[in-house]
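Take a look and give me a structure for this.
(chains A, B, C and D)
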Protein chains: 2
Amino acid sequence: MSTANSLSAEDLGSAAQRDRRKRILDATIELASTGGFDAVQMRAVAERADVALGTLYRYFPSKIHLLVSALGRELERSDAVLRERPTPGDTAADRVIYLLKRTTRGMQGDANLTEALTRAFMFADGSVKAEIHAVGMLLTQMMARAMHPEQTELTELTDEDVAIARVIGDVWLSALVAWVTGRSTAADTAVHMETAVRLLLRD
Amino acid sequence: MSTANSLSAEDLGSAAQRDRRKRILDATIELASTGGFDAVQMRAVAERADVALGTLYRYFPSKIHLLVSALGRELERSDAVLRERPTPGDTAADRVIYLLKRTTRGMQGDANLTEALTRAFMFADGSVKAEIHAVGMLLTQMMARAMHPEQTELTELTDEDVAIARVIGDVWLSALVAWVTGRSTAADTAVHMETAVRLLLRD
DNA sequence: GGACGAAGTGGAACGTGTTCCTATCATGTC
DNA sequence: GACATGATAGGAACACGTTCCACTTCGTCC
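This next block holds a predicted model:
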């Protein structure tokens, strides 16, 4: 398996390189916001980021790597905002539902961007394992924090907690895919996710 | 939204046309089996099915339509085989787990084919709504039949049954994607699905 | 049997993701 | 300051999904 990773922010020594990487991801988000997956064209990203096409490919070895990395950055941003204050809700189910609704609402506010990021995530093949894994871990962490706000370490979670978090993550992704492809409305999505959470977290 | 549907088997009057359609789908499955998603190249499909490229596009307006239609045909085939004898298992959970394991095992026996079909399904956009919906209905039906073998009509299902079937379907798809992209092993997949079913169907 | 429209053939052409090559630029070393 | 080395620019070239066109074949109606 060829494991050509994207250059992560840590690998990049020089400030100019970190700045290039940021410009590339910014351009990606802007284009995705404008016209979704199809509008994120590598030549257009390179031009808007003021970078040569070859450089773009040096930083991100494919369009999918690029978009999944962008998804990772956006999720980290959300996570940081959410962590500023405790998640409201008296039960684990309520808190998880709050988290999902809030995140989903954020994504549904920018349908094109969500379509681009979701489709990239779903289309990714084995070569994007590292980037996908990073996103998966982040999601599980966010969910786990909502379920057990008092615990800060993932290691304290029971197997069942982790299993539940994963199932909820699965449902969320599927719901997102269904919404992105126009198979279900935003309201359907919300209802379906809430139902799933209540089925799983009966406390 | 442009809704260019694939020509379904019923639309095709002449035997020659049904045969062409079959040859195309056969060629698709063969190529997918050989080299996965990337090996299903439209020119190659057309050549192997002994059909002009334009004709291929007349029958299936895109590679994704083609692969999702192929997935539909394979699922119908599985469903027909499964319906020949009652699903074993004493509880709904056991029967659903049997169904999932058996179907998954079948898919994992041909990793390339599964990769091709799964990725097409996940990458599909709004224009493939009709084909995707057909697959979704089939899956829900299969699951519902496993949960309640005595009921033959979908209308007899409760809302909760449908919700559970959908959640299980979501988990199954996500597990398949994770397996296809090399993020989890076949064993992981089986365990994860079994856990999810037991969480959802505690009877 | 001939006319006509639908369906199929063969292949050129286009767009976009990806690769590759050469020249130029930046940075650190002596 | 000259040089070595790696990063970047600029752009040509290639692959494959998709579109299009001119021509041929097939089926049907008169």
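
near DNA strand D, which residues of chain A?
Within chain A, the positions adjacent to DNA strand D are A:16-17, A:20, A:50-55, A:58-59 by Cβ under 7 Å from any atom of the strand. C-beta coordinates here come from the backbone N, C-alpha and C atoms, glycine included.

State the pair within those residues that is farthest apart.
Maximum pairwise distance among the residues of chain A next to DNA strand D (Cβ to Cβ): 18.2 Å, between A:16 and A:53.

ok, the two, which is more surrounded?
Shown here are residue A:16 and residue A:53; by other Cβ atoms under 10 Å in any protein chain shown, residue A:53 has more neighbours (12 against 9).

Please list all residues in contact with the residue nearest to that one when sequence neighbours are not counted.
Distances taken as Cβ to Cβ, 6 or more residues apart in numbering or on different chains place residue A:46 nearest to residue A:53, at 4.6 Å, with adjacent residues excluded. Shown in contact with residue A:46 (Cβ atoms under 8 Å, 6 or more residues apart in numbering or on different chains): A:24, A:52-53, A:55-56.

ok, now residue A:40?
So residue A:40 contacts A:28, A:31-32, A:63, A:66-67, A:116 (Cβ under 8 Å, 6+ apart).

before we move on, the earlier item: and the contacts of residue A:46, which is closest to residue A:6?
residue A:24 (10.0 Å).

ok, now how distant is the closest one from residue A:123?
20 Å (Cβ to Cβ, to the nearest Å).

These two: who's more crowded?
Neighbour count, other Cβ under 10 Å: between residue A:24 and residue A:123, residue A:24 has more, with 24 against 21.

give me the element that one is part of.
If you go by DSSP states H and E, residue A:24 is part of helix A:15-39.

same check, this time on residue A:93
In this structure, residue A:93 sits in helix A:92-108 according to DSSP H and E.

and if you look at residue A:5?
For residue A:5, there is no host helix or strand (DSSP H and E).

For residue A:183, grab the count of nearby residues.
Residue A:183 has 18 nearby residues by other Cβ under 10 Å.

Quick check: closest non-adjacent residue to it.
residue B:129 is the one closest to residue A:183 (Cβ to Cβ, 6+ apart), at 6.0 Å.

swap in residue A:63?
residue A:42 (6.0 Å).

With residue A:114 instead?
Residue A:114's closest residue in space is residue A:107 (Cβ to Cβ, 6+ apart), at 4.2 Å.

what about that neighbour, how many neighbours?
21.

What's the per-residue pLDDT of it here?
If you check residue A:107, the pLDDT there is 87.

One more: the one 3 residues further on?
pLDDT, the model's per-residue confidence, is 94 for residue A:110.

List the buried residues for the strand or helix carrying residue A:48?
Take DSSP H and E as the rule and residue A:48 turns out to sit in helix A:42-49. Neighbour counts over helix A:42-49 (16 or more other Cβ atoms under 10 Å in any protein chain shown) mark A:44-46, A:49 as buried.

Kindly indicate which of these lies nearest residue B:160.
Minimum distance to residue B:160 across the buried residues of helix A:42-49 is 45.7 Å, recorded for residue A:45 (Cβ to Cβ).
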